[in-house]
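> when you get a sec, could you give me coordinates for this:
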Amino acid sequence: MISRRLYPLCAMVISLTATAAQPQVVKADDLTISAAWSHATAAGTTSGAVYFTIENAGKQLETLLRASSPVAGEVIFHRTTGPAGALQMEQLWTIDLVPGRTVKFEPGARHVMLNDLTGPLMAGTVVPITLQFQHAGAVTLQVQVVPAGADGPPG
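All right, here's what the predicted structure looks like:
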């Protein structure tokens, strides 16, 4: 039998567990950033990728300047280019977010690289990444790590 004093604690744990399973939506100024996720990585892997969507509902151009994460020594923007079988990654120095448009970071296209990982990205965990925007400032996302073969975040 659970003590009455433990009921609030149990309710909080259940609530946090349910929240962690839902894709996060973060608003900063006129930006909406959603569905941040990453694939799990194998032990010994030194890099991973993060994907998400940014909508600029404002009237001014916004620029994504840089990103950082405590789980990686280096965080950079990339775009996958080239025909199948000859794919290459090109570094992007900044990302312009045009007013009224949505920019997607997704596998096989634009994405954020986490290099020099401090350890493997484990499925079922959440890792932070901070995006620095020209006008909106710093925004921290909680990135859901999904199994290696998953097509995207849950939900």
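
> could you show me where the strands are in the chain, in order?
25-28, 31-39, 47-56, 62-68, 72-81, 88-92, 95-97, 102-105, 110-117, 126-133, 137-146 (DSSP state E).

> contacts only, for Trp93.
By C-beta atoms under 8 Å, 6 or more residues apart in numbering, the contact set of Trp93 is Phe77. All C-beta spots, glycine's among them, are computed from the backbone N, C-alpha and C.

> what are the phi and psi values at it?
Trp93 adopts backbone torsions of phi -80, psi -40, taken as degrees, to the nearest 10.

> can you pull the pLDDT of it?
The model reports Trp93 with a pLDDT of 96.

> do the same with the one 3 residues further on
In this model, Asp96 is scored at 97, pLDDT.

> gap between it and Thr63?
Distance, Asp96 to Thr63, using C-beta to C-beta, to the nearest Å: 6 Å.

> what do you get for Val25?
The spacing between Val25 and Thr63, counted by C-beta to C-beta, is 21 Å.

> about what we covered before: any chance of the strands of the chain in TSV, plus mean neighbour count and distance to Pro154?
TSV is the format used below for the strands of the chain (neighbours: other C-beta atoms under 10 Å; distance: least, C-beta to C-beta, whole Å):
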stretch	mean neighbour count	distance to Pro154
strand 25-28	15	14
strand 31-39	21	9
strand 47-56	20	14
strand 62-68	18	23
strand 72-81	16	23
strand 88-92	12	27
strand 95-97	19	26
strand 102-105	17	18
strand 110-117	19	19
strand 126-133	18	12
strand 137-146	18	7
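
> so which of these gets nearest Gly152?
strand 31-39 (6.1 Å; C-beta to C-beta).

> quick one: list the elements packing against that closest one.
Using 3 or more C-beta pairs under 8 Å, 6 or more residues apart in numbering; DSSP states H and E, the elements in contact with strand 31-39 are strand 25-28, strand 47-56, strand 126-133, strand 137-146.

> rank the ones you listed by pLDDT, which is bottom?
Within the helices and strands packed on strand 31-39, confidence is poorest for strand 25-28, with a mean of 94 (mean pLDDT).

> and for that one, what's in contact with it?
Thr32, Ile33, Ser34, Phe133, Ala136, Gly137, Val139, Thr140, Leu141.
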